[in-house]
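S.K.: Need coordinates for the following:
(one chain, ligands or ions: 1)
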Amino acid sequence: MRIAVAGATGMVGHQLVQVLEAGGHETVAMSRSRGVDVVSGQGLATALTGAECIVDVLNAGTIDQAAATRFFTTAARNLHEAGDRAGVRRMVVLSILGVDRFTAGYLAAKADHEQAALSGPVPVHVLRAAQFHEFAAQNLEWGRQGEVAYVPWMRVQPVAAEEVARALADLASGPDPAAPISEIAGPREEELVDMATRLAARRGDPVRVEGIEDPADSNRDLVKAGALLPGPDAIIAGPTFDEWLAAT
Ligand SMILES: NC(=O)c1ccc[n+]([C@@H]2O[C@H](COP(=O)([O-])OP(=O)(O)OC[C@H]3O[C@@H](n4cnc5c(N)ncnc54)[C@H](OP(=O)(O)O)[C@@H]3O)[C@@H](O)[C@H]2O)c1
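M.R.: The predicted model follows:
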């Protein structure tokens with residue numbers, strides 16, 4: 001099966017390409033560095049020629065709500081238009097657990113992404129994933145100020161990006177999923193600050209991790225209440241954060 005991966009060079013995208021190719025599928029890598037811009041539309045029609053499925057694992061490169069919303073909704077519209085013209089039969093879109101509950105920030109932009117994607121015309125399945133195990137390392141870097149890394153308190157049930165790639169590959173190449181949206185998470189709830197602390201210790205990184213909370217953040221109470229955690233029907237996949245860390 002010929003499967004076009006939008007965001008093929010990204011953290012999830014490059015693992016998805018490996019999983020798909022190991023499963024005998026032909027992949028088309030779509031990213032600006034591969035000559036395809038999903039926002040301007042450059043190279044899109046050519047890339048989608050003969051593709052049966054598109055997997056959208058794009059990212060906006062910004063957490064600004066307005067800019068991220070513009071990116072995701074434009075990309076979704078362009079993928080639908082070009083995909084429909086090329087005869088694509090299914091689109092699989094990667095989203096984040098709980099985004100439909102958020103009205104602010106990047107998570108709200110992802111909710112708009114889902115809505116734009118689910119508006120068709122190509123039939124879409126949305127996979128909502130928990131934060132990745134790799135998210136701990138990203139936060140350690142984003143929050144680093146000298147000897148301290150400021151990391152937001154966040155209840156998550158993290159999953160390895162590789163497990164998400166496997167689930168996306170199954171959705172792209174398997175039978176039509178029964179429901180339009182499904183969820184995936186790892187086996188154990190964690191606190192992001194603790195994950196970053198354990199990661200730094202494992203790496204021998206002397207950075208001191210400090211948990212932060214922004215009282216002006218309107219998402220704070222939702223995250224505390226567990227809005228980013230999976231529902232009872234979620235796929236639970238792969239290693240715990242500690243097992244994953246021990247293997248890296
Ligand atoms: N991080 C997490 O914990 C987590 C959890 C759940 C869900 N997710 C979701 O997973 C998705 C993928 O995240 P990621 O961390 O794998 O992303 P990433 O590493 O930042 O990769 C983004 C990809 O998008 C491509 N891209 C960006 N702008 C483009 C454009 N205009 N045209 C074509 N390609 C473009 C990039 O390639 P070029 O730069 O070459 O264009 C790259 O291949 C995101 O939507 C995110 O919300 C993330």
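
S.K.: drop to CA atoms for contacts and neighbour counts, all remaining ones
M.R.: OK.

S.K.: wouldn't Thr240 be in contact with Glu189 here?
M.R.: No: judged on CA atoms under 8 Å, Thr240 makes no contact with Glu189 at a distance of 9.1 Å.

S.K.: got any residues that touch both of these two?
M.R.: Any residue near both Thr240 and Glu189 by CA atoms under 8 Å, 6 or more residues apart in numbering counts here, and that gives Pro158.

S.K.: so how far is the ligand from the closest residue to Asp37 other than its chain neighbours?
M.R.: Excluding the flanking residues, the one nearest Asp37 by CA to CA, 6 or more residues apart in numbering is Ser31, at 6.1 Å. Computed with CA to the nearest ligand atom, to the nearest Å, the distance linking Ser31 and the ligand is 3 Å.

S.K.: next one: phi and psi at Ser31?
M.R.: The phi and psi values for Ser31, taken as degrees, to the nearest 10, are phi -170, psi 160.

S.K.: Check Arg34 too.
M.R.: phi -110, psi 20.

S.K.: what sits against the residue nearest to Asp37?
M.R.: 6-9, 37-38.

S.K.: cool, and Val99?
M.R.: Contacts of Val99 by CA under 8 Å, 6+ apart are 107-108, 110-111, 228.

S.K.: make it 10 Å
M.R.: Val99 makes contact with 106-114, 128, 227-228, according to CA atoms under 10 Å, 6 or more residues apart in numbering.

S.K.: At the contact with the ligand, which residues of this protein appear?
M.R.: Within the chain, the positions adjacent to the ligand are 6-13, 30-33, 36-39, 57-60, 94-96, 129-132, 135 by CA under 6 Å from any ligand atom.

S.K.: Of these, just the buried ones, PyMOL syntax please.
M.R.: With 16 or more other CA atoms under 10 Å as the criterion, this PyMOL line picks the buried residues out of the residues of the chain next to the ligand:
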select buried, resi 6+7+8+9+11+12+13+30+31+32+36+37+38+39+57+58+59+60+94+95+96+129+130+131+132+135
